[in-house]
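A.B. asks: here's my sequence, what's the structure:
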Amino acid sequence: MSGRLNNSAIPDKRLFVIEKGQKPGRTVPKDAATAEVGQHIRFDAAVLDTFDVKGCEPLHYDLLVLCAAVEFADRRWKRPLGWRRTLAVTLPVIDLKSWQKPDVLKSLHGVLNHLTGDSWQFTFVQAKNLSPIGSRQMPLDFGKTKTFAVAYSDGLDSRAVSALSGNKEQALCIRVASNRQRRKNGDSYFTRIPFKVKGYRGNESSFRSRGFQFAAVTAIAAQLSSVPRIVVPESGQGALGPVLLPLHNIYADYRNHPTFFRKMERFIKALQGYQVQFEQPRLWSTKGQTLCAFLSIAGKSEGHLTSTHSCWQTRRVVNVGGRKQCGLCAACLLRRLSMRAAGVNEEPRTYVVSDLAASDAGDALSIIPQKADRDIMVEYGSVGVRHLQHLADMSGLPDDDLRVHAWQIAAALGESYEETLKKLRTMLVTHAEEWRAFLSAQGEQSFLKSWMDGGRYGRSE
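C.D. replies: Coordinates of the predicted model:
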């Protein structure tokens, strides 16, 4: 027997997940890709067991295999110019009956299509190996009862919002990363993602499905620890900005948008029978406001924030005089303007490109030895500057221009349109004020201002 999510579109990409040691066989088409559990999808049982004293259940393991398969397919095939792909995934599951439920299939389709902009099709088959996790390891004893879970990263929002949501004993911090991470000053406890995916060749970098992976892993840990609340740490600019202002010809990024989390809640409820709620306590605050609130907590200092990491750039680009943050990608720019809004002073050596007041971008980027890397920085930086400026410009738009977004958010939050519109505009106005103050601090001759007008150093070289 099998469970299949029907879709009328003909798939152009097919992935077959097979169990460890299994041969693809005749059922796998010649043009399909295969991913073997144990080779392309590798699990760490010790990490699974840190989630709770009960350990990871078969249905949860199935969900982790699904997350890995979705990542493999999402990154294996490059997107066409029109963005949308039709992806068909066949994978073995232990609890086939649960995956055959119509509401599970429907909600899975809904959340992944909305998140990635693709058309997903799934066929579930009965797994032969019914004990894939292996022997139990020594479980972690969390001690005191947790009241909320949070998908934890090395960023500012994670550090600040986890502290604003409760004390360390209350937070179940899930580090959704593939490698073991070292705790830093101010960190709560966290575990890490229990699998690695290899063999997809990295043809597609957008990886929108990572939001599904984050939410699913955190939901598993939340259920095993009997925690009904999952706190999403992203502040307003990061949660709403990518949907308010999607890049040209690119599907809007819903990874931290309320509409995605409502769909994710429905999927988790249908599959696991567990009612989890994704909360966004800083949705209507700028990152700067969130950092200010964090610093108002007794015992919190600037050092708890300056030890975080926000940069998107690769190690090759930022390994200049020791590993730093680039200082110019959209994430770094948002970090820098938010730190300034919160009154936090960072050391100049924090960033590769530290001098944003320079009149010539070439001078500011001269520390980077390779021209190709400088060009990458210019591309990232110019896009980031314009995004933050356009987001600030939205604060002055008439209500009609914000109506669609306000209705969409209001429906997802269960709030009135009028109140949602008011909150959205207030957040945008605050962002605009913080952005103008940040630009003013760089001076009238800053190369950032020329980028806002469309100029970019290095294009003509």
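
A.B. asks: contacting residues around the nearest residue to residue 22 once chain neighbours are set aside?
C.D. replies: Nearest non-adjacent residue to residue 22, counting by C-beta to C-beta, 6 or more residues apart in numbering: residue 36, 7.1 Å away. All C-beta spots, glycine's among them, are computed from the backbone N, C-alpha and C. When contacts are counted by C-beta atoms under 8 Å, 6 or more residues apart in numbering, residue 36 touches 17-20, 22.

A.B. asks: what's the closest of these to residue 238?
C.D. replies: In terms of C-beta to C-beta, no member of the contacts of residue 36 lies closer to residue 238 than residue 17, at 32.3 Å.

A.B. asks: quick one: contacts for residue 222?
C.D. replies: 149, 172, 228-230, 274, 276.

A.B. asks: residue 416: neighbour count?
C.D. replies: 11 (other C-beta atoms under 10 Å).

A.B. asks: would you list the phi and psi of it?
C.D. replies: phi -70, psi 150 (degrees, to the nearest 10).

A.B. asks: that one contacts residue 410, doesn't it?
C.D. replies: Yes. Assessed by C-beta atoms under 8 Å, residue 416 is found in contact with residue 410 at 6.4 Å.

A.B. asks: need the overlap of contacts for these two.
C.D. replies: Common neighbours of residue 416 and residue 410 (C-beta under 8 Å, 6+ apart) do not exist.

A.B. asks: sorry, back to before: drop anything exposed from the contacts of residue 222.
C.D. replies: With burial judged by 16 or more other C-beta atoms under 10 Å, the buried subset of these is 149, 172, 229-230, 276.

A.B. asks: now the two most distant members of the residues you listed.
C.D. replies: 172 and 276 (12.0 Å).

A.B. asks: picking that back up, from the contacts of residue 36, list the buried ones, please.
C.D. replies: 17-19, 22.

A.B. asks: so among those residues, where is pLDDT lowest?
C.D. replies: The lowest pLDDT within the buried ones among the contacts of residue 36 belongs to residue 22, with 83.

A.B. asks: helix/strand/coil for that residue?
C.D. replies: coil (DSSP: H, G, I helix; E, B strand; the rest coil).

A.B. asks: quickly note the distance from it to residue 353.
C.D. replies: 50 Å (C-beta to C-beta, to the nearest Å).

A.B. asks: residue 281 too?
C.D. replies: When residue 281 is compared with residue 353 (using C-beta to C-beta), they lie 32 Å apart.

A.B. asks: repeat that for residue 342.
C.D. replies: In terms of C-beta to C-beta, residue 342 sits 21 Å off from residue 353.

A.B. asks: for residue 438, which non-adjacent residue is closest in space?
C.D. replies: In space, residue 438 is closest to residue 337, 3.9 Å off (C-beta to C-beta, 6+ apart).

A.B. asks: re the thing from before, the contacts of residue 36 into TSV, with extra columns for distance to residue 73?
C.D. replies: As requested, these are arranged in TSV below (distance: C-beta to C-beta, whole Å):
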residue	distance to residue 73
17	9
18	14
19	17
20	19
22	18
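
A.B. asks: of those, closest to residue 195?
C.D. replies: Taking C-beta to C-beta as the measure, residue 17 is the one of these closest to residue 195, at 12.2 Å.

A.B. asks: quick check: bridge partners of that closest one?
C.D. replies: Legend: beta-bridge partners of residue 17 under DSSP bridges are residue 35.

A.B. asks: residue 268: what's it in contact with?
C.D. replies: Shown in contact with residue 268 (C-beta under 8 Å, 6+ apart): 216, 219, 274, 276.

A.B. asks: any idea how far it is from residue 104?
C.D. replies: 10 Å.

A.B. asks: check residue 257 too.
C.D. replies: Taken as C-beta to C-beta, the span from residue 257 to residue 104 is 23 Å.

A.B. asks: compare the two (neighbour count), which wins?
C.D. replies: Using other C-beta under 10 Å as the criterion, residue 257 and residue 104 rank with residue 257 on top: 27 against 21.

A.B. asks: does that one touch residue 244 like I think?
C.D. replies: No. Applying C-beta under 8 Å, one finds residue 257 not in contact with residue 244, separated by 9.6 Å.

A.B. asks: need the three-state assignment for residue 121.
C.D. replies: Assignment for residue 121 (three-state DSSP): strand.

A.B. asks: so what's it closest to, chain neighbours aside?
C.D. replies: residue 88 (4.3 Å).

A.B. asks: and the one you found, that's in a helix?
C.D. replies: No. Using three-state DSSP, the assignment for residue 88 is strand, not a helix.

A.B. asks: contacts only, for it.
C.D. replies: 11, 13-15, 120-123.

A.B. asks: closest one to residue 364 out of these, please.
C.D. replies: Taking the contacts of residue 88 together and measuring to residue 364 by C-beta to C-beta, the closest member is residue 13, at 41.8 Å.

A.B. asks: so what's the closest one up against?
C.D. replies: 33, 73, 76-77, 85-88.

A.B. asks: for the stretch 351-461 of the chain, give me the ranges with low pLDDT.
C.D. replies: Along the stretch 351-461 of the chain, segments meeting pLDDT under 70 span 454-461.

A.B. asks: quick one, helices of it?
C.D. replies: Assigned helices in the stretch 351-461 of the chain, in chain order: 361-364, 371-393, 399-413, 417-442, 447-452 (criterion: DSSP state H, counting those that start in this stretch).

A.B. asks: what residues sit buried inside the shortest one?
C.D. replies: In other words, helix 361-364. Buried-residue list, helix 361-364, by 16+ other C-beta under 10 Å: 361, 364.

A.B. asks: residue 383 - how many residues pack around it?
C.D. replies: 16.

A.B. asks: the contacts of residue 268 into JSON lines, with extra columns for pLDDT, secondary structure and distance to residue 154?
C.D. replies: JSON lines is the format used below for the contacts of residue 268 (pLDDT from 0 to 100; DSSP: H, G, I helix; E, B strand; the rest coil; distance: C-beta to C-beta, whole Å):
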{"residue": "216", "pLDDT": "93", "secondary structure": "helix", "distance to residue 154": "21"}
{"residue": "219", "pLDDT": "90", "secondary structure": "helix", "distance to residue 154": "21"}
{"residue": "274", "pLDDT": "92", "secondary structure": "coil", "distance to residue 154": "28"}
{"residue": "276", "pLDDT": "94", "secondary structure": "coil", "distance to residue 154": "24"}
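
A.B. asks: widest-spaced pair of those?
C.D. replies: 216 and 274 (12.1 Å).

A.B. asks: can you name the element that comes right after the helix or strand hosting residue 237?
C.D. replies: For residue 237, the host element (DSSP states H and E) is helix 236-244. As assigned by DSSP H and E, the chain's next helix or strand after helix 236-244 is helix 258-272.
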